[in-house]
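In: Just to be clear, the model below is a prediction. Sequence and coordinates:
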Amino acid sequence: MVARPESSTPAGTRPEPEPIGEALALSERLRDRIRAAIDAGGGFLPFSRYMEMALYEPGLGYYVNGLRKLGADGDFVTAPELSPLFGATLAQWLGPVLDGTRCEILEFGAGSGRLAADVIQRLDDLGVRLERYRILEVSPDLRAQQQSLLAARLGSERMVRVEWLDRLPAEPLNGVVLANEVLDAMPVEVFAWREGRVLQRGVVAQDAATGLSFAERPAPQWLDRAVRELERQVGPWPEGYVSELRPAVQPWLRTVADLLADGLVWIGDYGYPRREFYAAERDAGTLVGYYRQQLVLEPFAWPGLMDLTASVDFTAVAEAAHSADLDVLAYAAQGEFLLGAGLPALFEQSVAGNDDPRHIMQLAQQVRMLTLPGEMGERFQVMVLGRRCDLPSAGSFPDRRERL
């Protein structure tokens, strides 16, 4: 997502414009289903379950309901949507890995399909021929967008190498796993630290405006232990400290590790090392929503019509990788990675011989957005994991693993 949305909406208020017609009806149906889940849970729904329903409830959740999400007229813009130079740079850096027996890519959550198209095209330009490019996509409408875009961009000859999956393949993978802005969409548990006690934050049906609001109860034992360990590592925290943790990371990475026989896992997302994520001054957590290019601090506004997301604890990702017997090969800011992986040279190639100043300025602005610390360059991070595989020798960027 863009690091700086056009505007923001404070907590307790709904963003505008208000949805109408089918979109409003969809949101109300999902809200009714959430209320039913709250009733079934005795009046309290853990926030992780609310977030799961808001994003993935069949037919109604944000990522599966068929409404437009990506691009300038959607709710947010990702790096591949911003510039084709992002995917081209990533492909050029990965090229040396994808030879011999490593000849396939599996991408989780491919968005509009632009990253896949840019990666495949650049690899073809470099003479690196993939046997397969697989996409695991849970959203039927995004899958349809991907198929349409890739068919237009690649043509029938190259499309035969692209395959969509409903579940992970049974056979081992030799190549690269791509997960760009995947982890941030995994549901989070929200907790509060009050008088030395750990409280689980959840959802109740009370608020007059949205019908839903936050409530707290004593944390279950597993959450209490996990939060106390975090506080021991990075505390002390101020009274009323609120933050999140993402229990799905470890099982997801274990699943990926079980699949990967030989190659790399490339993860790009916005987040921090643990000491920055759980810093005392970050006392309201990182949970936000995105609606029509607005950053929204009210997580219960328009369920099903608004993305919900929280930053990634990259130390937790590294810990999960070690537990899954994957090597943590690299960690850096997105801007550092792209500049070291060859973005400047690709920019020069893209503008060489072009006398259209508007085109050159547009590409230059894209590079700035992708790499500058005040834009996406520092807010977004890159982590590379491996099994029986080293980092590509081409290009270099700072090694920030000591920050984890």
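Out: It's in. It should be emphasised that the depicted structure is a prediction, and the values quoted were computed from it without experimental measurement.
In: among the helices and strands of this protein, which one scores worst on average pLDDT?
Out: Taking mean pLDDT, DSSP states H and E as the measure, the helix or strand of the chain with the lowest value is strand 7-9, at a mean of 58.
In: Can I get the helix or strand just after that one as CSV, trimmed to CA atoms?
Out: Using DSSP states H and E, the next helix or strand after strand 7-9 towards the C-terminus is helix 21-40. The C-alpha coordinates for helix 21-40 follow below in CSV (Å, rounded to 0.1, in the frame of the first residue of the first chain):
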residue,chain,number,x,y,z
GLY,A,21,-26.7,0.4,-3.3
GLU,A,22,-25.2,-3.1,-3.6
ALA,A,23,-22.0,-2.2,-1.7
LEU,A,24,-23.9,-0.8,1.3
ALA,A,25,-26.2,-3.9,1.3
LEU,A,26,-23.1,-6.2,1.2
SER,A,27,-21.6,-4.4,4.2
GLU,A,28,-24.8,-4.7,6.2
ARG,A,29,-25.1,-8.4,5.5
LEU,A,30,-21.5,-8.9,6.7
ARG,A,31,-22.2,-6.8,9.8
ASP,A,32,-25.2,-9.0,10.6
ARG,A,33,-23.1,-12.1,10.2
ILE,A,34,-20.5,-10.6,12.5
ARG,A,35,-23.1,-9.8,15.1
ALA,A,36,-24.3,-13.4,14.9
ALA,A,37,-20.7,-14.6,15.5
ILE,A,38,-20.5,-12.2,18.5
ASP,A,39,-23.8,-13.7,19.9
ALA,A,40,-22.5,-17.2,19.4
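In: Tell me how far helix 21-40 lies from the chain's centre.
Out: From the chain centre to the centre of helix 21-40 is a distance of 25 Å (Cα atoms, centre = their mean, to the nearest Å).
In: quick one: contacts for L67?
Out: By Cβ atoms under 8 Å, 6 or more residues apart in numbering, the contact list for L67 reads A23, L26, D141, L305. Bear in mind the C-beta positions are built from the backbone N, C-alpha and C, glycine included.
In: quick one: which of those is nearest E216?
Out: Using Cβ to Cβ, L305 is the member of the contacts of L67 that lies nearest E216, at 26.3 Å.
In: And for that closest one, the neighbour number?
Out: L305 has 22 neighbours, counted by other Cβ atoms under 10 Å.
In: how near is it to L150?
Out: Applying Cβ to Cβ, to the nearest Å, the value for L305 to L150 is 27 Å.
In: repeat for L123
Out: Separation of L123 from L150 (Cβ to Cβ): 14 Å.
In: same thing with L55?
Out: 24 Å.
In: go on, Q221?
Out: Using Cβ to Cβ, Q221 is found at 47 Å from L150.
In: ok, the two, which is more surrounded?
Out: For Q221 versus L150, the count of surrounding residues by other Cβ under 10 Å is larger for L150: 23 against 9.
In: Just give me the neighbour total for the spatially closest residue to the more buried one that is not a sequence neighbour.
Out: Once flanking residues are discounted, L150 sits nearest to G113: 5.0 Å by Cβ to Cβ, 6 or more residues apart in numbering. For G113, the count of nearby residues is 27 (other Cβ under 10 Å).
In: so what pLDDT did V288 get?
Out: On pLDDT, V288 comes in at 95.
In: mind checking the SS state of the closest residue in space to it that isn't next to it in sequence?
Out: Nearest non-adjacent residue to V288, counting by Cβ to Cβ, 6+ apart: L295, 5.5 Å away. Per DSSP: H, G, I helix; E, B strand; the rest coil, the secondary structure class of L295 is strand.
In: Would you quantify the distance from L295 to A321?
Out: Distance from L295 to A321, by Cβ to Cβ: 30 Å.
In: More neighbours: those two, which one.
Out: With neighbours defined as other Cβ under 10 Å, L295 and A321 compare such that A321 has more, 25 against 18.
In: Which residue, other than its chain neighbours, is closest to the more buried one?
Out: Closest residue in space to A321, ignoring its immediate chain neighbours: L385 at 4.9 Å, by Cβ to Cβ, 6+ apart.
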